[in-house]
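*Asks:* This is the structure alone, sequence omitted:
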């Protein structure tokens, strides 16, 4: 599960020491999810397992949205329909490394296409989790 709220990852300040904001952290983390999913899809090619990112709906009518003081734009049912579409649509069987905005295949932030940025993110993620090969 990702989001349409995406912002380029600033590798010079990946921990957001300078200029922190919750929105910036959220948007960069959602882009990171998409970038890592694209890499995962490449790793899984030929296995029959797919990896896809989805922004299910915008500001669904949920408790979290209400508590944030935001007026809902979408229904939970619309979000659920988008999730089910990816899970069971025969048209998507075997397709991987995609990003969807609701029911539509869409383009994620341009940094997703930067293979060097994806490589840096993967390496950084492994280092930060202690899983990097030394």
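*Replies:* Arrived safely. Remember, predicted model here, so these are calculated numbers, not experimental data.
*Asks:* buried sites along the lowest-mean-pLDDT helix or strand in the chain?
*Replies:* When each helix and strand of the chain is scored by mean pLDDT, DSSP states H and E, helix 63-67 comes last, with a mean of 94. Burial within helix 63-67, assessed by neighbour count using 16 or more other CB atoms under 10 Å, is assigned to residue 65. Glycine gets a C-beta too; all of them are placed from N, C-alpha and C.
*Asks:* Isn't residue 99 up against residue 108?
*Replies:* Yes - judged on CB atoms under 8 Å, residue 99 makes contact with residue 108 at a distance of 4.3 Å.
*Asks:* tell me, what's touching those two both at once?
*Replies:* Shared contacts of residue 99 and residue 108, defined by CB atoms under 8 Å, 6 or more residues apart in numbering, are found at 2, 34, 53.
*Asks:* separation between the last one and residue 3?
*Replies:* When distances are taken as CB to CB, to the nearest Å, residue 53 and residue 3 turn out to be 9 Å apart.
*Asks:* Have a look at the two and say which one is more surrounded.
*Replies:* residue 53 (27 against 18; other CB atoms under 10 Å).
*Asks:* hmm, back to that, can you lay out the shared contacts of residue 99 and residue 108 as a markdown table showing secondary structure?
*Replies:* Compiled in a markdown table, the shared contacts of residue 99 and residue 108 are given as follows (DSSP: H, G, I helix; E, B strand; the rest coil):
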| residue | secondary structure |
| --- | --- |
| 2 | coil |
| 34 | helix |
| 53 | strand |
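*Asks:* Lovely, talk soon.
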